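>>> got a sequence here, can you build the structure:
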Amino acid sequence: MSHYSFKLPDLGEGIVVSEVVEWHVAVGDQVDEDQHICDVMTDKAVVEVTSPVTGTVEKLACDAGIEIPVGSELILFATAANNSAANDSSAADDTEPTTPFTKPTTVDKPAADVAAVNTASQSPDNVLTTPVTNRLVLTSPSVRKRARTENIDLSIVAGSGASGRINNSDLEAFIAAGGAQVSLAATKLSSTNTTTEVKISGLRRIIAQKMLQATNNIPHYAYIEEVDLTALEALRKHLNDNRKPEQQKLTLLPFIMQALVKVVADFPHCNAHYNAEREILTQHSAVHVGIATMTQQGLMVPVVKDTQSLDIWGTAAQMAQVTELTRAGKANSAQLGGSTITITSLGVIGGIATTPIINAPETTIVGINKMQQRPVVIDGQIVIRKMMNLSSSFDHRIVDGYDGALMIQALKSLLENPGAIFV
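Residues are numbered from 1 along each chain as shown. Sure, this is the predicted structure:
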């Protein structure tokens, strides 16, 4: 008589503990090899665990509903002295106690994950496979039974199921190929992973530091609202169609910038800098709008200074100038600093919604999402309108949720009634 300690196998990448959902055997039960002994829950699925040996259950690791670590003892079997799996796997079990977190070695062959064939009893002429490789294998008892009948080592059969689980179709394909690995198997079993270490330095390091400081130090409050831009788009098209040759073509941003100028007059704490160390909020009468701009070096924020003193054409011209200089790497420090409120836009990529990170020490950032045609109900009728979401973030230490919502609603009203921007 000898003992076989069956450790909880690794049931998937990254799983460190699993819950025993239900036991199908009890202490004293006689169990056959590949018999279903329990169900184990991972974070993705319930997995059937089968016995790797024939023997008698001497101890269960826990009651159903308890989580145990991968690699710790799941069940202890008493096996016959001539049981090859037990003799090969647990020769030391009678003299060494089983401890949790025991690292799986070649002596442990978990049934739910390891298929082992006694190659010593096989005739070389009848074996389709290469020697056992100890690769963890997920499959069902029926597939294991078929594999034993055909003298096939499942450890070299490619599985197409979740986490490489071998299905009946995988085994049939292996047999049909004469026991040779198919191209899918070669792909699954071969590793093409390479790694490259990149030193984070320069502007990227500065961006990383600023983003970390902003997220760690500022309690962000996000507010998302949809805006009907149909009227504004009609006005923009009219102005562009009738602009003078020297005038900059208008995008949406100059309209939003000019709308912000009017809005922040009623919400001065949204056009401000907050110094947490001094506990001082500095509100600005001038509106210096930062435009988050992607460059080859990384994200930068050129600034359109004194937007409140510019008309729509001047706003468009100044924005084009500072963003072009920034992308070309020619913007100076004055053009890249001093913003009091920031606009971020991903352009045509847009997206439905974002949660932008505040450009500290500012208190507000307004995100522009993708404009697209959507069905909208107006006066009981479904009509197609040009809609866009505004995704904004506020420093909740300074801007209450109610105030942030009121500000965006005021901005929405101006954008939906664009004539009001200019009066």
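
>>> any weak-confidence spans in the stretch 51-200 of the chain?
81-136, 162-163, 179-191 (pLDDT under 70).

>>> cool, and the stretch 201-350 of the chain?
In the stretch 201-350 of the chain (pLDDT under 70), no residue qualifies.

>>> recalculate using a threshold of 80.
Along the stretch 201-350 of the chain, segments meeting pLDDT under 80 span 201-203, 205, 297, 347-350.

>>> where along it do the strands fall?
For the stretch 201-350 of the chain, applying DSSP state E, counting those that start in this stretch gives strands covering 220-228, 272-275, 280-283, 289-294, 299-300, 303-304, 341-345.

>>> okay, those, which one's buried deepest?
Of all those, strand 303-304 carries the top mean neighbour count, a mean of 25, counting by mean count of other CB atoms under 10 Å. Quick note: C-beta positions are derived from backbone N, CA and C, even for glycine.

>>> neighbouring strands - and their directions - for the strand of greatest length in the chain?
For the chain, the strand with the greatest residue count under DSSP state E is strand 381-395. Applying DSSP bridges, strand 381-395 is found paired with strand 220-228 (antiparallel), strand 364-368 (antiparallel), strand 372-378 (antiparallel).

>>> make JSON lines from those strands and add distance to residue 322 to it.
Shown next, in JSON lines, are those (distance: least, CB to CB, whole Å):
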{"stretch": "strand 220-228", "distance to residue 322": "25"}
{"stretch": "strand 364-368", "distance to residue 322": "17"}
{"stretch": "strand 372-378", "distance to residue 322": "28"}
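
>>> ok, which of those strands comes nearest residue 38?
strand 220-228 (45.0 Å; CB to CB).

>>> for that closest one, output the C-alpha coordinates as CSV.
The C-alpha coordinates for strand 220-228 follow below in CSV (Å, rounded to 0.1, in the frame of the first residue of the first chain):
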residue,chain,number,x,y,z
HIS,A,220,-11.5,63.6,-10.6
TYR,A,221,-15.3,64.0,-11.2
ALA,A,222,-16.4,63.1,-14.8
TYR,A,223,-19.5,64.4,-16.5
ILE,A,224,-20.7,63.3,-20.0
GLU,A,225,-23.4,65.0,-22.0
GLU,A,226,-24.6,64.8,-25.6
VAL,A,227,-24.9,67.9,-27.7
ASP,A,228,-26.9,68.5,-30.9
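
>>> for stretch 352-362, the distance to its chain's centre please.
Here stretch 352-362 is found 19 Å from its chain centre; the criterion is CA atoms, centre = their mean, to the nearest Å.

>>> mind listing what's buried along it?
354, 356, 357, 358, 359, 360, 361, 362 (16 or more other CB atoms under 10 Å).

>>> domains of the chain?
2-189, 213-422 (automatic domain parsing).

>>> so which of those domains comes closest to residue 198?
So among these, domain 213-422 is nearest, using CB to CB, at 13.1 Å.

>>> start and end of that closest one, how far apart?
38 Å (CA to CA, to the nearest Å).

>>> just how off-centre is that domain within its chain?
For domain 213-422, the distance to the chain centre is 28 Å (CA atoms, centre = their mean).

>>> numbering from 31 from now on, please.
That works, and once the first residue is 31, the last one we named lands at domain 243-452.

>>> my guess is residue 197 contacts residue 172, does it?
No - using CB atoms under 8 Å, residue 197 makes no contact with residue 172, being 10.2 Å away.

>>> look at these two and report which has more neighbours.
Using other CB atoms under 10 Å, the more surrounded residue of residue 197 and residue 172 is residue 197, with 15 against 11.

>>> quick check: closest non-adjacent residue to residue 445.
residue 257 (5.2 Å; CB to CB, 6 or more residues apart in numbering).

>>> next up, the contacts around the one you found.
Contact partners of residue 257, counting by CB atoms under 8 Å, 6 or more residues apart in numbering, are 417, 418, 419, 420, 442, 445, 446.

>>> let's go with 7 Å and repeat that
By CB atoms under 7 Å, 6 or more residues apart in numbering, the contact list for residue 257 reads 417, 418, 420, 442, 445, 446.

>>> show me what contacts the residue lying closest to the third one once chain neighbours are set aside?
Yep, that's residue 420 we're talking about. Leaving out its chain neighbours, the residue that sits closest to residue 420 by CB to CB, 6+ apart is residue 255, at 5.3 Å. Contact analysis of residue 255 by CB under 7 Å, 6+ apart lists 419, 420, 438, 442.

>>> okay, the residues you listed in a markdown table with distance to residue 306 and neighbour count next?
What follows is the contacts of residue 255, written out as a markdown table (distance: CB to CB, whole Å; neighbours: other CB atoms under 10 Å):
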| residue | distance to residue 306 | neighbour count |
| --- | --- | --- |
| 419 | 30 | 20 |
| 420 | 27 | 20 |
| 438 | 24 | 23 |
| 442 | 30 | 17 |
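
>>> list just the nearest of those to residue 97.
For these, the nearest to residue 97 is residue 419 (41.7 Å; CB to CB).

>>> that closest one contacts residue 399, correct?
Yes - Residue 419 is within contact range of residue 399, at 4.2 Å (criterion: CB atoms under 7 Å).

>>> what touches both of these two?
Contacts common to residue 419 and residue 399, judged by CB under 7 Å, 6+ apart, are 382, 383.

>>> one step back: got the angle for the longest strand of the chain vs strand 371-375?
130 degrees (axes from the mean of the first three to the mean of the last three CA atoms, to 10 degrees).

>>> buried set for strand 411-425?
So for strand 411-425, counting by 16+ other CB under 10 Å, buried means 415, 416, 417, 418, 419, 420, 421, 422, 423, 424, 425.

>>> columns pLDDT and distance to residue 407 on top of those residues, output as a markdown table?
Below are these laid out as a markdown table (pLDDT from 0 to 100; distance: CB to CB, whole Å):
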| residue | pLDDT | distance to residue 407 |
| --- | --- | --- |
| 415 | 97 | 10 |
| 416 | 96 | 15 |
| 417 | 95 | 12 |
| 418 | 94 | 18 |
| 419 | 95 | 17 |
| 420 | 95 | 20 |
| 421 | 95 | 23 |
| 422 | 96 | 25 |
| 423 | 97 | 29 |
| 424 | 98 | 30 |
| 425 | 97 | 35 |
